[in-house]
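Trainee: 3D, please:
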Amino acid sequence: MAKAIRIEQVGGPEVMQWVDVEVGEPGAGQVRVKHEAVGLNYIDVYFRTGHYPMPLPAGLGMEAAGVVTATGPGVTSFKAGDRVAYVARPPGAYAEERVLPADALVKLPDAISFEDAASAMLKGLTAQYLVRRTYRVQPGDTILIHAAAGGVGLLVCQWAKALGATVIGTVGSDEKADLAKAHGCDHPIIYSRESFVERVKEITHGSGVQVVYDSIGKDTWKGSLDCLAPLGYFVCFGSSSGPLPPIDASELSNRGSLYFTRPTLFSYIAKREWLDSMAAELFDVIASGKVETNIRQRYALKDAAEAHRALEGRKTTGSTVLVP
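Mentor: Predicted structure coming up:
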C-alpha cells in the first residue's frame, strides 16, 4: 500500500484526505513511478473546488518527478530505475507512487533535480508554449505578464528577458515586486496601488505591448485588452479571479484587430514529438541557468491542504513542491 491525497467531494482544503491506496502493477503501455517530488499548481484548486468537474472520488495533482519502479507489457522506452517527470491527466500526482501511461513521461536529464522537474513540468511547459509558440517573443518586444511573481510568471519573466524582451508585470505587494524584478521583470506594477493600464501606457509611451499573458481572467481581461498595441495578442491562460464573460468580437476589432486565444497546455503536448521538443527546450534553458525554477515553498505531501490554503491566500511566490 502507498499513501495518497484523495477527495470524495468538492470543497475547501479540508476535503483532502491522506489515505492508503492500492497502487497495483502497470498494465500494457503503463509504468509505475515512485514520486520524489510533486508540483503544486492553481489548477489543482480548480479540480478540488469543482470549477473543473471530474468524477469522484478522485486524486489531485498534475505533475511529479520520480523513478520508474516497474513497466507493463509493450513499454520499451522506459525501464526500472529511469529518472522521469510528467504532467498528465487525470489528476493523481499527490501520491507516493502511481501507475500511469508511459506516453505521459519524459526522461529527466541528470542536470535537472527531481524538485526542479516537479515544479517545472506544468508551469515550465506552460511558459514554453506561451513565449515560444502561442506568441513567439522576439528581441525588442514589450510584454505584459499578470501575476509576475507566481510560478508561471517568474518563468515567463526570465525566459522573455533572455529572449531580449522588455518585461512588464503586475504583482500584489512590494515584496513580490522585488522578486519579479530580480527575475527579469523590468517594470513591476503593484496593481493594488496603481492602474496597470495607465502604467503600461506610460512605460510604452502610449504604443502598448505586443502580447499580454493573463492568468487572472475576470478581473483583468478588459484592462489587458486596453494595454495591447494594434494586432497584439491577448493570451488568457487561466482564470484565478473567475472565468471570462462572453467577449464581443467588437472588443477586439475596436482596439486594433487584436488576437485572442485561450490556450491549454494539453493541446500543445497532444503529440509525442511536441512534448519531447518542448521538454527538451525547457530542460536546456533551466540547465543553462537562464531560467531558475525558483522553488520558494516546500510542504510534506500529507500537508497538501496547508499548501492549498497558502496558494489560495496568495501567500506563495514562485514554485511550491510537495515532498512524499
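Trainee: Next secondary structure after the helix or strand harbouring residue 212?
Mentor: Assessed by DSSP states H and E, residue 212 sits inside strand 209-214. For strand 209-214, the following helix or strand on the C-terminal side (DSSP H and E) is helix 221-226.
Trainee: which residues touch residue 234?
Mentor: 211-212, 214, 221, 224-225, 228, 252, 258-261 (CB atoms under 8 Å, 6 or more residues apart in numbering). Placement of C-beta: from N, CA and C, glycine included.
Trainee: Among the residues you listed, find me the one that's closest to residue 79.
Mentor: Distances from residue 79 to the contacts of residue 234, taken as CB to CB, are shortest for residue 261 (39.0 Å).
Trainee: how much space is there between the nearest residue to that closest one once chain neighbours are set aside and residue 224?
Mentor: Closest residue to residue 261 apart from its sequence neighbours, by CB to CB, 6 or more residues apart in numbering: residue 235 at 5.7 Å. Per CB to CB, to the nearest Å, residue 235 is found 9 Å from residue 224.
Trainee: Show me the common contact partners of those two, please.
Mentor: Both residue 235 and residue 224 are contacted by 212, 214, under the criterion CB under 8 Å, 6+ apart.
Trainee: Show me what the residue nearest to residue 261 bridges to in the sheet.
Mentor: Beta-bridge partners recorded for residue 235 (DSSP bridges): residue 213, residue 261.
Trainee: Could you report the distance from it to residue 194?
Mentor: The value you get for residue 235 to residue 194, if CB to CB is used, is 23 Å.
Trainee: Which of the two has more residues huddled nearby?
Mentor: Applying other CB atoms under 10 Å to residue 235 and residue 194 shows that residue 235 carries more neighbours, namely 23 against 12.
Trainee: Might one say that that one is in contact with residue 211?
Mentor: Yes. Between residue 235 and residue 211 a contact is recorded at 6.2 Å, counting by CB atoms under 8 Å.
Trainee: hang on, the earlier thing: which among the contacts of residue 234 count as buried?
Mentor: Of the members of the contacts of residue 234, the ones counted as buried by neighbours, 16 or more other CB atoms under 10 Å, are 211-212, 214, 221, 224-225, 228, 252, 258, 260.
Trainee: Start and end of stretch 300-307, how far apart?
Mentor: Using CA to CA, to the nearest Å, the end-to-end distance of stretch 300-307 comes to 9 Å.
Trainee: in it, what's buried?
Mentor: Of the residues in stretch 300-307, those buried under the neighbour-count criterion (16+ other CB under 10 Å) are 301-305, 307.
Trainee: same deal with stretch 37-52?
Mentor: 37-49.
Trainee: Now secondary structure, pLDDT and distance to residue 239 too, for those residues, in JSON lines please.
Mentor: As requested, the buried residues of stretch 37-52 are exported to JSON lines (DSSP: H, G, I helix; E, B strand; the rest coil; pLDDT from 0 to 100; distance: CB to CB, whole Å):
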{"residue": "37", "secondary structure": "strand", "pLDDT": "98", "distance to residue 239": "27"}
{"residue": "38", "secondary structure": "strand", "pLDDT": "98", "distance to residue 239": "23"}
{"residue": "39", "secondary structure": "strand", "pLDDT": "96", "distance to residue 239": "20"}
{"residue": "40", "secondary structure": "coil", "pLDDT": "95", "distance to residue 239": "18"}
{"residue": "41", "secondary structure": "coil", "pLDDT": "91", "distance to residue 239": "14"}
{"residue": "42", "secondary structure": "helix", "pLDDT": "87", "distance to residue 239": "9"}
{"residue": "43", "secondary structure": "helix", "pLDDT": "89", "distance to residue 239": "11"}
{"residue": "44", "secondary structure": "helix", "pLDDT": "95", "distance to residue 239": "14"}
{"residue": "45", "secondary structure": "helix", "pLDDT": "94", "distance to residue 239": "11"}
{"residue": "46", "secondary structure": "helix", "pLDDT": "90", "distance to residue 239": "9"}
{"residue": "47", "secondary structure": "helix", "pLDDT": "96", "distance to residue 239": "14"}
{"residue": "48", "secondary structure": "helix", "pLDDT": "97", "distance to residue 239": "15"}
{"residue": "49", "secondary structure": "helix", "pLDDT": "96", "distance to residue 239": "12"}
